[in-house]
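Undergrad: this is a predicted model, with the sequence first.
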Amino acid sequence: MKKIILLGYMGCGKSTIAQNMSKITNIPFLDLDKCIEDRTNLSINEIFEKHGEIYFRKLEHEMFVELLQSPEKSIIGLGGGTPCYANNHELLKGDDVVSIYLKASIETLYGRLVHNKSKRPLIAEMNEEEMKEFIAKHLFDRSFYYNQAQYKVTVDDKTVEETVQDILAILA
Ligand SMILES: Nc1ncnc2c1ncn2[C@@H]1O[C@H](COP(=O)(O)OP(=O)(O)O)[C@@H](O)[C@H]1O
Ligand SMILES: O=C(O)C1=C[C@@H](OP(=O)(O)O)[C@@H](O)[C@H](O)C1
Ligand SMILES: [Mg+2]
């Protein structure tokens, strides 16, 4: 069964788009971060605080493999870092996988994240200036991995509905 995988930088809309696409298509939706939170009974912030990022990356890899192994068709929203660790990007090319990079500009990401950082431990403590510089550098570092996706959808200046329609057109 096919897995439709949404990837991209924090704030590009993976969780929002996956959820909305699920409503339209009736294909079940899974958010990798939410699966990790449910499994550990800890929030992403708590996992980073108590156990550190390396531990989170290990859990993230294990949970991603587990989701891919389940037989059901599903839409999976990854975390922003998922393709960039533990060779997870290789899993974006599997036979039963359609991977889609939701590509957003630094400006779009900054605009969404600046008021939405508290649940994202990598940026939670940054001031506005630090954050803009961080996003620019981090996105550059990660782009190699994001570009391993089979398809790319630009999300700047699009409504949630427009992005969902663009993805559905790719899948048609
Ligand atoms: N056109 C849009 N598409 C997706 N998200 C949008 C859009 N406009 C505003 N947002 C907001 O941007 C944020 C995206 O966050 P989220 O879906 O959690 O992204 P991710 O899972 O990629 O980090 C949400 O707060 C969402 O409401
Ligand atoms: O980019 C990252 O490394 C992360 C992104 C987050 O997911 P979202 O992209 O859904 O915010 C979450 O997995 C964690 O805070 C780390
Ligand atoms: Mg998310």
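TA: Thanks, I have it. Predicted model only: the values in this text are computed from it and were never measured. Residues are numbered from 1 along each chain as shown. Ligands and ions are numbered 1, 2, ... in the order given.
Undergrad: can you confirm residue 152 is in a helix?
TA: No. Assigned with DSSP: H, G, I helix; E, B strand; the rest coil, residue 152 falls outside any helix and is strand.
Undergrad: can you pull the contacts of residue 135?
TA: Residue 135 makes contact with 9, 106, 109-110, 113, 123 under the criterion C-beta atoms under 8 Å, 6 or more residues apart in numbering. From N, CA and C alone the C-beta is placed, and that goes for glycine too.
Undergrad: ok, so of the residues you listed, who is nearest ligand 3?
TA: Checking these against ligand 3 with C-beta to the ion, the nearest one is residue 9 at 10.4 Å.
Undergrad: for ligand 2, what are the nearby residues on the protein?
TA: The interface of the chain toward ligand 2, taken as C-beta under 6 Å from any ligand atom, is made up of 10, 14-15, 33, 44, 79-81, 120-122.
Undergrad: residue of the protein closest to ligand 3, please.
TA: Closest point on the chain to ligand 3, by C-beta to the ion, is residue 15, at 3.4 Å.
Undergrad: in the strand or helix carrying that residue, what's buried?
TA: According to DSSP states H and E, residue 15 maps onto helix 14-25. By 16 or more other C-beta atoms under 10 Å, the buried positions in helix 14-25 come out as 14-22, 25.
Undergrad: chain center to it, what's the gap?
TA: 13 Å (C-alpha atoms, centre = their mean, to the nearest Å).
Undergrad: what lies in contact with that helix?
TA: With C-beta under 8 Å, 6+ apart, helix 14-25 has contacts from 4, 6-8, 27-31, 33-34, 75-80, 102, 155, 160-161, 163-164, 167-168.
Undergrad: the strand or helix carrying residue 168 packs against which elements?
TA: Using DSSP H and E, residue 168 falls within helix 160-171. When contacts are defined as 3 or more C-beta pairs under 8 Å, 6 or more residues apart in numbering; DSSP states H and E, helix 160-171 packs onto strand 3-7, helix 14-25, strand 97-103, strand 151-154.
Undergrad: ok so, going back, between the contacts of residue 135, which is nearest residue 62?
TA: Nearest to residue 62 among those: residue 9, at 22.6 Å, using C-beta to C-beta.
Undergrad: wait, the closest one sits on residue 80?
TA: Yes. Using C-beta atoms under 8 Å, residue 9 makes contact with residue 80 at a distance of 5.2 Å.
Undergrad: quick check: neighbours shared by these two?
TA: Common neighbours of residue 9 and residue 80 (criterion: C-beta under 8 Å, 6+ apart): residue 142.
Undergrad: end-to-end on stretch 145-154?
TA: 16 Å (C-alpha to C-alpha, to the nearest Å).
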